[in-house]
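Q: Sequence and predicted structure, then a few things I'm wondering about:
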Amino acid sequence: MRKSAYIFGIVLCVVALGVSAAQAQQQTQDQPIPAYHSPLASQADNTDPNAPPAQLTPDNRALTGIQDPTIGVASTNHSYWTPHVDLGVTLDTEPPVGGSGSGLTTWTSLTGGVDLRWMSGRSDMTLGYIGGGVFSNDGSSSNGIVQDLNFVDKLSFRRWALTLIEQAAYTPESAFGSGGFPGVSLPGGEPGLGGLVPGQTIITSEGQRFFNTSLGQVDVYLTPRSSLTFVGGYSLLHSFNENLLDYGDLIAQAGYNYQITRKDTLGVSYVFAGFRYDNFDESINTNTLLFSYGRKVTGRLAFRIGAGPEFTFINTPIIPGTGVGTIGPPSGGSTTNVYWYLATSLQYQMQRTALSATYSHGVAGGSGVFAGSLADTLTGSAVRQLSRVSSGTWTVGYSRNTELATSGLPQIQFSNQPFDYWYTGLNYSRLWGRSLNLNLGYQLQYQNSNASFCTGTGCGSSFVRNLITFGVGWRKQPIPIE
């Protein structure tokens, strides 16, 4: 296959990935949903090494809510903002791009952004923005544009709370497992709460795409131990330069949470997801009953698991038979299937090592490749503090997307075949002074299928990619807002 274009991602994947466990199971991405990540979390390695350890307060996120549980929330009572800039150079052996060039491709990425935390009265808001681009040394390749906005605002009242989440990203390639550009952290790449964030876990040819998710959550506190959670929102995936299936996902959820001990919580929830495709007349509705369990130990452990039956209703247009005249059985119509849904996430903090793992299984949007898929996604990471100013990270991920049993599917490039995708990577990070950070990374990507697919200049049943990255980042220490 050939190389020529831009690649997008980060070798230092996500340290605190979360998957949905007891929560909105539906996945609007190509796989059971990616969880929301705080816009400030992606730069956790750039903190002041001389500062005392952050004091954590208990995480009070609802078990059946849209955000994954964490080991705790940094205690602060003031507002601040932090600007940052990152420059990276990546050696890419097989970018998934068409073109006439050959040999290794080198990419330069330049991004800048700002993180903001604003606390005022009942509001606790975080906002993160990253903008920039990736540039290839191959003149026949197109450069890529990066725009990423993450916004969360929680309004707390005596008996209830309102959480608003907005995620938007304009990216040059699939985000799941992509690596090579330090400083870029995008939603939609990792599984999470069960389909609330659109994304892709299938490698396709390079091309700009837009992810967007708007969600609202209301928590009603019934007693000190019990609460109700209501979620509603919409997400979408749209591609600009690829012949893929664009779609949106309408999300609704209601759940009940009961804290049986100081550390353990049980929950039950109902989740609805409705997938609609722009360029194909098909609709998929899923109704899922989730039974959930969570355990949290502040500063040490955050665990959640949710499982239950997923009732799937698929409607496709009636297509006449292909026999003589109108003779022959028609295809299409309505299909009803029952699948099982499972989503689980784990974060575990030791003295010098942080571990995280996620797994999810269920009906997903199809990554723009299928009009619906049955998706399995597994991710994991280990972060080790090597010294006062350096750390090492290992990441691994796997996804499998299998087309749902539907008729009338349009004949697009990748239709009617399963995809298996693996990635793994290592990253070394070292702080220089209080603001500069050095990153060295390597990542391997491998995708295969039982039939030929095309991700660049050639087509085949497998795709292998190696990424080696060097990057330098500057991050200003938090600037207080009076």
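A: Thanks, I have it. Predicted model, so just to flag it, every value in this text is computed and none were measured.

Q: how about the residue lying closest to residue 466 once chain neighbours are set aside, what does it touch?
A: Once flanking residues are discounted, residue 466 sits nearest to residue 93: 4.3 Å by CB to CB, 6 or more residues apart in numbering. In short, each C-beta sits where N, CA and C put it, glycine included. With contact taken as CB atoms under 8 Å, 6 or more residues apart in numbering, residue 93 is in contact with 3, 104, 464-467.

Q: got a winner among these for most neighbours?
A: residue 3 (27 neighbours; other CB atoms under 10 Å).

Q: Lowest-scoring secondary structure element of this protein by mean pLDDT?
A: strand 73-74 (a mean of 78; mean pLDDT, DSSP states H and E).

Q: Which SSE is immediately downstream of it?
A: Using DSSP states H and E, the helix or strand that directly follows strand 73-74 along the chain is strand 79-92.

Q: is it true that residue 94 lies in a strand?
A: No - assessed with DSSP: H, G, I helix; E, B strand; the rest coil, residue 94 is coil; it does not lie in a strand.

Q: Only the C-alpha atoms, please, for stretch 272-292, written as PDB.
A: Extracted in PDB, the C-alpha atoms of stretch 272-292 (Å, rounded to 0.1, in the frame of the first residue of the first chain):
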ATOM      1  CA  PHE A 272     -32.600   3.600  24.200                       C
ATOM      2  CA  ALA A 273     -30.500   4.400  21.100                       C
ATOM      3  CA  GLY A 274     -31.800   5.200  17.600                       C
ATOM      4  CA  PHE A 275     -29.300   5.100  14.700                       C
ATOM      5  CA  ARG A 276     -30.200   6.900  11.500                       C
ATOM      6  CA  TYR A 277     -28.100   6.900   8.400                       C
ATOM      7  CA  ASP A 278     -27.900   9.900   6.000                       C
ATOM      8  CA  ASN A 279     -27.100   8.100   2.800                       C
ATOM      9  CA  PHE A 280     -28.900   4.800   3.400                       C
ATOM     10  CA  ASP A 281     -32.600   4.200   4.200                       C
ATOM     11  CA  GLU A 282     -32.100   2.100   7.300                       C
ATOM     12  CA  SER A 283     -32.900   2.600  11.000                       C
ATOM     13  CA  ILE A 284     -31.800   0.700  14.000                       C
ATOM     14  CA  ASN A 285     -33.400   1.000  17.400                       C
ATOM     15  CA  THR A 286     -32.100  -0.700  20.500                       C
ATOM     16  CA  ASN A 287     -33.700  -1.100  23.900                       C
ATOM     17  CA  THR A 288     -31.400  -2.300  26.600                       C
ATOM     18  CA  LEU A 289     -32.000  -3.300  30.300                       C
ATOM     19  CA  LEU A 290     -28.700  -2.900  32.200                       C
ATOM     20  CA  PHE A 291     -27.900  -4.300  35.700                       C
ATOM     21  CA  SER A 292     -24.800  -2.600  37.100                       C
END
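
Q: average pLDDT for that stretch?
A: Mean pLDDT, stretch 272-292: 90.

Q: which of the residues in that stretch are buried?
A: 272-277, 280, 282-286, 288, 290, 292 (16 or more other CB atoms under 10 Å).

Q: and it, how far from the chain's centre?
A: 18 Å (CA atoms, centre = their mean, to the nearest Å).

Q: what's the answer for stretch 73-88, then?
A: Worked out by CA atoms, centre = their mean, stretch 73-88 lies 21 Å from the chain centre.

Q: do the same with stretch 278-294
A: 17 Å.

Q: And for stretch 423-441?
A: That offset, for stretch 423-441, works out to 22 Å (CA atoms, centre = their mean).
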